[in-house]
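Visitor: Okay, predicted coordinates and the sequence, questions at the end:
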Amino acid sequence: MEIINKCFSNNTVEEILLAQEKEIIEHDGVRWMSEAMKSMKAASPTSLKICLRSIKEGRKQTLEQCFAREYIILSNIMQRSISNDFYEGTRAKLIDKDNKPKWEPPNLQSVGKEMVNRYFTEVDDPHWEVLRLPHRGLPNLPVALKSKI
C-alpha cells in the first residue's frame, strides 16, 4: 500500500508515471507496478488526465455531485466534439483488433488543461440535459449520511 500511495498521490499523470518508473527500478521490476505502468502508457493520454482530475474532484463531492460530473464527462466523450479517443480505442481493441490506437493528442505533454477543462463543462447541444437524480426519501438517516448516499 505504501508504494501505491507514494506513486498515485502525485499531482499529475506525468508525475505518477515517473514515480512508478522509480519504484520499478528501486524494487527490481515490481511486476504489478510494471503492468500498471504498461496499462497507463497504452491508454489515451487525454483519458488519463480526465480520470485523475475526476478522482481528485470526487474526493470533495457528494455521490450525487460525482454522478453529475461523470455524466457531463461521458456526454462530452460520446459527443466526439473534443476528441475521438473513445471511438479510436474501441476501434483498436474491439473492431479491428490491431491494438494500435492513434490517440489525439498522441502524448501526455500535448494534452493541455484547457482541453481537459472542456470535458467538465456542460455539453453545447440543445437536446442535451443536465443529469437530475430523483429525490430519494430516506427519512431515518442523519443528514450527513444522506449527502453521501
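Guide: Received the coordinates, thanks.

Visitor: Mind listing what's buried along stretch 21-33?
Guide: 23, 24, 30, 33 (16 or more other CB atoms under 10 Å). No exception for glycine: its C-beta is placed from N, CA and C like everyone else's.

Visitor: What mean pLDDT does that stretch get?
Guide: Stretch 21-33 comes out with an average pLDDT of 82.

Visitor: Give me the residues contacting that stretch.
Guide: With contact meaning CB atoms under 8 Å, 6 or more residues apart in numbering, stretch 21-33 is reached by 3, 6, 7, 20, 34, 37.

Visitor: which of the residues you listed tops the neighbour count?
Guide: Neighbour tally across the contacts of stretch 21-33 (other CB atoms under 10 Å): the maximum, 23 neighbours, falls on residue 20.

Visitor: Which residue is the nearest non-sequential neighbour of that residue?
Guide: The shortest distance from residue 20 to any non-neighbouring residue, by CB to CB, 6 or more residues apart in numbering, is to residue 37 (4.4 Å).

Visitor: Which other helices and strands does the longest helix seen in the chain contact?
Guide: Of all the segments assigned as helix in the chain under DSSP state H, the longest by residue count is helix 63-79. Helices and strands touching helix 63-79, by 3 or more CB pairs under 8 Å, 6 or more residues apart in numbering; DSSP states H and E, are helix 45-58, helix 85-90, helix 113-119.
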